[in-house]
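[1] No sequence on hand, only this structure:
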């Protein structure tokens, strides 16, 4: 009986020809032992032929990977006259189960990955599209319960200007930062300590800001896209400006480079004055924000984090990638008595492998990246040829690590809105979101082939008097600069 049904399935699915199927029937039907099993197929041959024609579009959907559509098509055929034949109904049910099993095997890992990335809204959309097919699948039920709990029920599209702020690398060692050396005054003016950055995040959260993904507010053609956010919230982009690491910055209490712990969390490497290194949490804006979002997951929508602003002249994330970087770092280290600074990072290939791991972890966790130019140039002061050289140099350096670099964060905030030749060049180079500084309020504008957004630079000095520096909408007068090791 099983063989008979297999032959019927082969016929309706075009595995064997009609002539072969008829030959099979003509051969076995006269045999008494087979006659009663084949009589329905012989008597309903016209119906079977019609079924074969009707089945073809549904089966093509299955072969094309359109699993939900094919499952629906098989179910629809099952509600028709064809289900009156038990063998045809059985074939339809098996095909529908094949489609649904394939759908589940395709979608469930995707849902789990999205949840792991914090992209709960994206996960909820997939769950909603398939959950009625699988009322008893425990994994899916648990995923649905989580997204139902965590994804706000009321969402709105934000079309107004988007607020953006920027902070420089975080002070991980305040004793070293404020030790009265030649770098201390600048650190006291510009930089936040780890604890102060945490206070800033708390203030932003209390003022109903929610983080959004910088790569999602502009499409690939450079057109502004409305931002989906929870009702009652205000969208915010955080830029981690000047995100490079040098010996001089170590003297300002900043980590020497990034690295990964055993769980692929990105942390900072702290190097003391004797050259001893420790991989330490609470040492960069990256891990501080990650930890904060563990406590307050509604500070982000759909897993968005911040924009990491990269330049290339000092390598990437504290790792030299060529002799030029190494010489530059070595000269700087020796000038301030840190001769041991490069001992851990002088193998370029090992550095590249480490960077591939770090960038992969950051991209997976929804961090996005911006170029700050290779040499941190003042772009308005450049000719087209010099900007072109710098841009191409930066893109060559970053290409093996980042697949999607579409944001340009002008060094020092010096934008080129008054120079359409340079802004158009950047847009044509793929930088469809360009960001400078200049206005004390949210400013987002559609330009030809790109969107410009203004970011307000957050420094310790400005936070000492947030009202005078137009930062009260972010911190509401809250005291952020609190480290008692600061000189003032």
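    In hand now; what should we look at? Given the structure is predicted, the values throughout are model-derived calculations rather than measurements.
[2] and the spatially most central residue of the chain, what is it in contact with?
    Taking C-alpha atoms, centre = their mean, the centroid of the chain lies closest to residue 366, which sits 2.9 Å from it. Going by C-beta atoms under 8 Å, 6 or more residues apart in numbering, residue 366 touches 117-119, 213, 303-305. All C-beta spots, glycine's among them, are computed from the backbone N, C-alpha and C.
[3] and which of those residues is nearest to residue 185?
    Closest approach to residue 185 among these (C-beta to C-beta): residue 305, at 31.3 Å.
[4] tell me the phi and psi of residue 357?
    Main-chain dihedrals, residue 357, degrees, to the nearest 10: phi -70, psi -40.
[5] what about it, how many residues close to it?
    15 (other C-beta atoms under 10 Å).
[6] Any figure for the gap between the nearest residue to it once chain neighbours are set aside and residue 269?
    Nearest non-adjacent residue to residue 357, counting by C-beta to C-beta, 6 or more residues apart in numbering: residue 260, 6.0 Å away. Residue 260 sits 10 Å away from residue 269, going by C-beta to C-beta, to the nearest Å.
[7] ok, these two, which is more surrounded?
    Using other C-beta under 10 Å, the more surrounded residue of residue 260 and residue 269 is residue 269, with 21 against 16.
[8] Please give the element, helix or strand, for that one.
    Element membership for residue 269 (DSSP states H and E) is strand 266-271.
[9] For that strand, name the packing helices and strands.
    Packed against strand 266-271 by the contact rule (3 or more C-beta pairs under 8 Å, 6 or more residues apart in numbering; DSSP states H and E) you find strand 257-260, strand 277-280, helix 285-295, helix 348-364.
[10] wouldn't the residue nearest to residue 357 be in contact with residue 267 here?
    Yes: proximity of residue 260 to residue 267 meets the contact threshold set by C-beta atoms under 8 Å, at 7.3 Å.
[11] Now for those two: what residues contact both?
    Shared contacts of residue 260 and residue 267 (C-beta under 8 Å, 6+ apart): none.
[12] Which per-residue confidence value corresponds to residue 296?
    Note for residue 296: predicted pLDDT of 97.
[13] mind checking how far it is from residue 304?
    In terms of C-beta to C-beta, residue 296 sits 13 Å off from residue 304.
[14] Which one's more surrounded, the two?
    Shown here are residue 296 and residue 304; by other C-beta under 10 Å, residue 304 has more neighbours (27 against 11).
[15] isn't there a helix covering that one?
    No: counting by DSSP: H, G, I helix; E, B strand; the rest coil, residue 304 falls outside a helix, being coil.
[16] okay but it is in contact with residue 213, surely?
    Yes: counting by C-beta under 8 Å, residue 304 does reach residue 213; the two are 4.1 Å apart.
[17] Counting neighbours, what do you get for the closest residue to residue 52 other than its chain neighbours?
    In space, and not counting its chain neighbours, residue 52 is closest to residue 12: 4.4 Å by C-beta to C-beta, 6+ apart. Counted with other C-beta under 10 Å, the neighbours of residue 12 add up to 24.
[18] what's the answer for residue 390, then?
    Other residues close to residue 390 by other C-beta under 10 Å number 21.
[19] in the chain, what spans have low per-residue confidence?
    1 (pLDDT under 70).
[20] Going by residue numbers, what spans are helices in the stretch 51-200 of the chain?
    Secondary structure of the stretch 51-200 of the chain, counting by DSSP state H, counting those that start in this stretch: helices at 67-78, 86-116, 120-130, 138-150, 174-177, 184-190, 194-206.
[21] Now render these as JSON lines, adding distance to residue 485 and mean neighbour count.
    Formatted as JSON lines, the helices of the stretch 51-200 of the chain follow (distance: least, C-beta to C-beta, whole Å; neighbours: other C-beta atoms under 10 Å):
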{"stretch": "helix 67-78", "distance to residue 485": "60", "mean neighbour count": "19"}
{"stretch": "helix 86-116", "distance to residue 485": "38", "mean neighbour count": "17"}
{"stretch": "helix 120-130", "distance to residue 485": "39", "mean neighbour count": "19"}
{"stretch": "helix 138-150", "distance to residue 485": "39", "mean neighbour count": "15"}
{"stretch": "helix 174-177", "distance to residue 485": "5", "mean neighbour count": "19"}
{"stretch": "helix 184-190", "distance to residue 485": "10", "mean neighbour count": "17"}
{"stretch": "helix 194-206", "distance to residue 485": "11", "mean neighbour count": "20"}
